[in-house]
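Asks: Need the 3D shape of this:
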Amino acid sequence: MEMAEKKANIDLSGIFPPIPTPFKTDGEDIDYEKLKENFDKWNSKPFKGYVVMGTNGESVYMSESEKISMVVAARRLANKNQLIIAGSGCESTMATINLSNEMAKAGADALLILTPCYFKSGMNTEALYQHYIKVADSIEKPLILYNMPGNTGIDMDSNLVTRLSEHPNIIGLKDSGGDLSKMADIVYKTRDSQFQVLAGSAGFLYPALALGSVGGICALANVLGDEVCRLYELFIGGHMDEAVVLQQKLVEPGQAVTRRYSVPGLKHSLDCNGFYGGPCRSPLRSLNGIAQKEVEQAFIQNGFDLKSL
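Replies: A predicted model of the protein is given here:
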């Protein structure tokens with residue numbers, strides 16, 4: 001496939017929080033009032049946009065109608081100049097296409113599509129290539145690849161990503177794997193295809209930017225939005241010494257809301273910092289007291305005061 005100009009010229013440079021879904025106290029119904037309260041605070045941060053129905057949105061536990069309603073709500077609540085990226089990956093190619101187009105109608109500017117993984121042994125390079133190409137050919141909005149081997153057990157290699165980057169409707173990659181050598185390889189090999197790489201965690205945002213990533217989709221930005229955006233701005237402004245110091249402070253809290261405690265850790269940290277986190281949807285459970293304290297200490301020990309403590 002020859003290099004082709006991208007169909008949609010969407011600039012992904014900047015920081016996107018992958019927002020959690022707020023549930024009412026029973027953990028079942030979506031609490032749209034609490035969602036609005038969170039957006040009222042998030043909209044004061046210099047975010048490029050928001051990711052809806054990603055991993056942190058507990059999308060695997062959501063019905064299709066709930067997913068679409070969250071996209072509608074996010075589009076309504078976000079600032080008009082902010083992008084809405086919606087997670088639309090499903091296990092089948094057909095379902096992914098259908099949900100992607102419904103989310104586009106609901107207001108999504110781009111679709112973030114996770115690798116299918118249930119039949120893991122069958123998800124070889126060619127199967128994934130054909131899946132993404134068929135989806136990209138069939139959806140109305142641009143596609144962003146989503147590589148998250150920690151959850152899927154599938155790690156797209158740089159050659160596959162490079163091949164996919166040549167498609168005019170595949171505009172970027174969110175990489176949550178943290179393999180910086182692979183990220184550097186992808187950035188270098190896709191340098192002529194208008195392809196944009198986003199770091200999947202605040203814990204390695206600075207090195208990802210140094211290697212050519214254009215920004216990040218960072219769970220920690222939900223809680224420390226100003227700080228994560230400042231790290232990005234320090235880097236862009238050439239203030240590398242300050243950026244390195246801030247990056248070091250963000251590593252531990254970033255890990256607390258991702259690989260250590262995942263969504264329950266993120267929701268607890270939101271509850272502690274003036275936002276609404278609330279319960280998770282079953283079977284995911286909220287943190288116990290010991291784990292809550294460990295999450296809190298990850299922030300406090302790095303100089304971030306939790307407002308409700």
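
Asks: tell me the mean pLDDT for stretch 171-178?
Replies: For stretch 171-178, mean pLDDT is 97.

Asks: Contacts for that stretch next, please.
Replies: Here stretch 171-178 makes contact (C-beta atoms under 8 Å, 6 or more residues apart in numbering) with 6, 8, 10, 12, 110, 112, 142-150, 155, 161, 165, 182-183, 186, 194-201, 203-204, 214, 217. Every C-beta, even on glycine, is put in place using the N, C-alpha and C of the backbone.

Asks: please redo it, this time with the cut-off set to 7 Å
Replies: Stretch 171-178 has contacts (C-beta atoms under 7 Å, 6 or more residues apart in numbering) with 6, 8, 10, 12, 110, 112, 142-150, 155, 161, 183, 186, 195-201, 204, 217.

Asks: same for the one helix or strand in the chain whose mean pLDDT sits lowest, what does it pack against?
Replies: Least confident helix or strand of the chain, by mean pLDDT, DSSP states H and E, is helix 149-152 with a mean of 94. Using 3 or more C-beta pairs under 7 Å, 6 or more residues apart in numbering; DSSP states H and E as the contact test, no helix or strand touches helix 149-152.

Asks: now the helices: where do they sit in this structure?
Replies: 32-42, 64-77, 93-106, 125-138, 149-152, 158-165, 180-189, 205-210, 225-236, 240-255, 262-271, 289-300 (DSSP state H).

Asks: still on that earlier bit, list the buried ones in the least confident helix or strand of the chain?
Replies: Residues of helix 149-152 classed as buried under the neighbour-count rule (16 or more other C-beta atoms under 10 Å) are 149, 152.

Asks: May I have it exported as PDB, CA atoms only?
Replies: Taking Å, rounded to 0.1, in the frame of the first residue of the first chain, the C-alpha atoms of helix 149-152 are listed here in PDB:
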ATOM      1  CA  PRO A 149      -1.100  -5.800  26.000                       C
ATOM      2  CA  GLY A 150      -1.600  -5.700  29.700                       C
ATOM      3  CA  ASN A 151      -5.300  -6.300  29.300                       C
ATOM      4  CA  THR A 152      -5.600  -8.100  26.000                       C
END
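
Asks: residues making contact with that helix?
Replies: The contact list for helix 149-152 (C-beta under 7 Å, 6+ apart) reads 55, 114, 115, 117, 155, 176, 177, 259.

Asks: just the helices of the chain: most buried one?
Replies: helix 262-271 (a mean of 23; mean count of other C-beta atoms under 10 Å).

Asks: residues in contact with that one?
Replies: Contacts of helix 262-271 (C-beta under 7 Å, 6+ apart): 20, 56, 58, 219, 222-223, 256-257, 276-278, 280, 284-287, 292, 295, 299.

Asks: Can you show me the CA trace of stretch 47-63 as CSV?
Replies: C-alpha atoms of stretch 47-63 as CSV (Å, rounded to 0.1, in the frame of the first residue of the first chain):
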residue,chain,number,x,y,z
PHE,A,47,-7.2,19.3,27.6
LYS,A,48,-7.1,18.7,23.9
GLY,A,49,-10.2,16.5,24.3
TYR,A,50,-11.6,13.5,26.0
VAL,A,51,-11.7,9.8,25.5
VAL,A,52,-15.0,8.2,26.2
MET,A,53,-15.7,4.4,26.6
GLY,A,54,-12.1,3.4,26.9
THR,A,55,-10.7,1.1,29.5
ASN,A,56,-11.3,3.5,32.3
GLY,A,57,-14.9,4.0,31.2
GLU,A,58,-15.5,0.3,32.1
SER,A,59,-16.7,-0.1,28.5
VAL,A,60,-16.6,-4.0,28.7
TYR,A,61,-19.4,-3.8,31.2
MET,A,62,-21.6,-1.3,29.2
SER,A,63,-24.4,-2.0,26.8
